[in-house]
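Engineer: Turn this into a model:
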Amino acid sequence: MRPQPINNIMDIVPYKGGESKIAGFDKVHKLSSNENPLECSPLARQAFIEEAQNLHAYPDGAHVKLREAIATRYGLDVNRIICGNGSDELFQLLGRSFIAPGDEIIQSEYGFLAYGLLAQQQGAKCISAKTKDYVTQVDAIIAAITPKTKAIFLDNPSNPTGTYISFDEVKRLHAAIPSNIILVLDAAYAEYVNNNDYSAGLELAGEFENVIMTRTFSKIHGLAALRIGWAYGARNIIDAMNRVRDPFNLNSAAIAAGVAALNDYEFVAASNAHNSKWLEILSAEFNDNGFKAIPSVTNFIMVEFDSENTANRFDEHLKSYGIIARKIGSYKLSQNIRISIGTDEANQLLIKAMKEFK
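Structural biologist: Numbers count the residues shown, from 1 in each chain. Predicted coordinates for the structure are as follows:
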């Protein structure tokens, strides 16, 4: 008899990233993974290159310089910050620390796929609370709470919908949940939100023992290849996660580039300005050309079509222009396509393609 994996493991459908190649095209415009079209900070790139002189040495397992840079940037207690190999690893650490077989977690109806995968890996159940017009509904999440609930995962803004809820709504959700349930605020796209009623949730994470906020360097900092995530929360949560964390889960180049990226305010501002400009233009172009663009505050737009067939045709149409978008049937949104904000060239080509779609 061959070795058998743990129950539930073979039921897991591995996460699949966005496509990156189109047959017959040497150059493609990849608008499928919400990457930064301005690439990354030149300061971060230089720090990465310089760190190549130290490849013989183990990285700092405590990520002291990176945690100190984050603490300085946001005015936080450095001892309540944990860094991980992307936000995904932080979710995994949280799961290994607090979620057991038979437990339940709650997400919004179109919550990030990583939450459901985490539940499966832990032998837990993932409950999805219904949305309205693709927007998270706090009352639906509250109604889904049971004695088995151990954590609520709130991606705000939401991927793949691009929508968000106000900080007042986040606070209302927190006030309604029992103190033994962890509220996980996934703020991967926080830097793109310019609305005054939004907050990533640092205030809640700093005040309460059952809140943790996660962030990433993959989006506005443009360091997706280096896999850097961080979280801020109650000492008891961070302490537990550190106890199950791999001792060297971030490499030295990632740490150095992350510190440099945090200090490049000009690059972050330029990335936000580019995104704000094209988010408005592309949303209007989609709507003016007979498409339905879901209002977004992120670096992508989700477009709703009248049928799965139309969505598939539009996806193939974009590929004929060398553009790769993201089909999101894995979210049970087969009539929708998610399209990242790209370079000026890519965005202009996208407008041309949408105008010529029949």
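Engineer: And the average pLDDT for the helix or strand where residue 212 lies is what?
Structural biologist: For residue 212, the host element (DSSP states H and E) is strand 211-216. Strand 211-216 carries an average pLDDT of 98.
Engineer: same check, this time on stretch 8-28
Structural biologist: 77.
Engineer: same question, stretch 112-126
Structural biologist: 94.
Engineer: What are the buried residues along that stretch?
Structural biologist: Buried residues in stretch 112-126, defined by neighbour count with 16 or more other CB atoms under 10 Å: 112-122, 124-126. Backbone N, C-alpha and C define where each C-beta goes, glycine included.
Engineer: returning to that earlier point: tell me what the strand holding residue 212 is packed against?
Structural biologist: Applying 3 or more CB pairs under 8 Å, 6 or more residues apart in numbering; DSSP states H and E, we find strand 211-216 packed against helix 86-98, strand 182-186, helix 202-207, strand 229-233.
Engineer: any idea which helix or strand comes after the last one?
Structural biologist: The reference is to strand 229-233. Counting by DSSP H and E, what follows strand 229-233 is helix 235-244.
Engineer: Which helix or which strand is home to residue 311?
Structural biologist: Per DSSP H and E: helix 308-319 holds residue 311.
Engineer: in that helix, what's buried?
Structural biologist: Quick answer for helix 308-319 (16+ other CB under 10 Å): 311, 312, 314, 315, 317, 318, 319.
Engineer: and the first helix or strand past that helix going along the chain, average pLDDT?
Structural biologist: Using DSSP H and E, the next helix or strand after helix 308-319 towards the C-terminus is strand 323-324. Mean pLDDT, computed over strand 323-324, is 97.
Engineer: Which residues outside the strand holding residue 212 are in contact with it?
Structural biologist: Defining contact as CB atoms under 8 Å, 6 or more residues apart in numbering, one finds that strand 211-216 is touched by 86-87, 90-91, 94, 174, 182-188, 190, 200-202, 204-205, 228-234, 237-238.
Engineer: returning to what we had before: now, which of the buried residues of stretch 112-126 lie within strands?
Structural biologist: Among the buried residues of stretch 112-126, the ones falling in strands (DSSP state E) are 125, 126.
Engineer: so what's residue 188 up against?
Structural biologist: 87, 155, 159, 214, 215, 216, 218, 219.
Engineer: Report all helices and strands that the worst-scoring helix or strand of the chain on mean pLDDT contacts.
Structural biologist: When each helix and strand of the chain is scored by mean pLDDT, DSSP states H and E, helix 113-122 comes last, with a mean of 94. Helix 113-122 sits against helix 86-98, strand 104-108, strand 125-129, with contacts defined as 3+ CB pairs under 8 Å, 6+ apart.
Engineer: Closest one of the buried residues of helix 308-319 to residue 210?
Structural biologist: Distance to residue 210 across the buried residues of helix 308-319 (CB to CB) is lowest for residue 311, with 39.3 Å.
Engineer: what's around the residue nearest to residue 323 when sequence neighbours are not counted, how many residues?
Structural biologist: Using CB to CB, 6 or more residues apart in numbering and skipping the chain neighbours, the partner closest in space to residue 323 is residue 29 (4.8 Å). Using other CB atoms under 10 Å, residue 29 has 23 other residues around it.
Engineer: quick one: residue 29 from residue 324, how far?
Structural biologist: From residue 29 across to residue 324, the span is 7 Å (CB to CB, to the nearest Å).
Engineer: do residue 318 as well
Structural biologist: 7 Å.
Engineer: can you check residue 172 too?
Structural biologist: 39 Å.
Engineer: so what's residue 84 up against?
Structural biologist: Applying CB under 8 Å, 6+ apart, the residues near residue 84 are 90, 93, 229, 230, 231, 245, 249, 250.
Engineer: cool, and residue 194?
Structural biologist: Here residue 194 is in contact with 272, 276, 297 (CB under 8 Å, 6+ apart).
Engineer: So which of the residues you listed sit within helices?
Structural biologist: 272, 276 (DSSP state H).
Engineer: Neighbour-wise, give me the winner out of the contacts of residue 194.
Structural biologist: residue 297 leads the contacts of residue 194 on contacts (other CB under 10 Å) with 20 neighbours.
Engineer: Which pLDDT value belongs to that residue?
Structural biologist: For residue 297, pLDDT reads 98.
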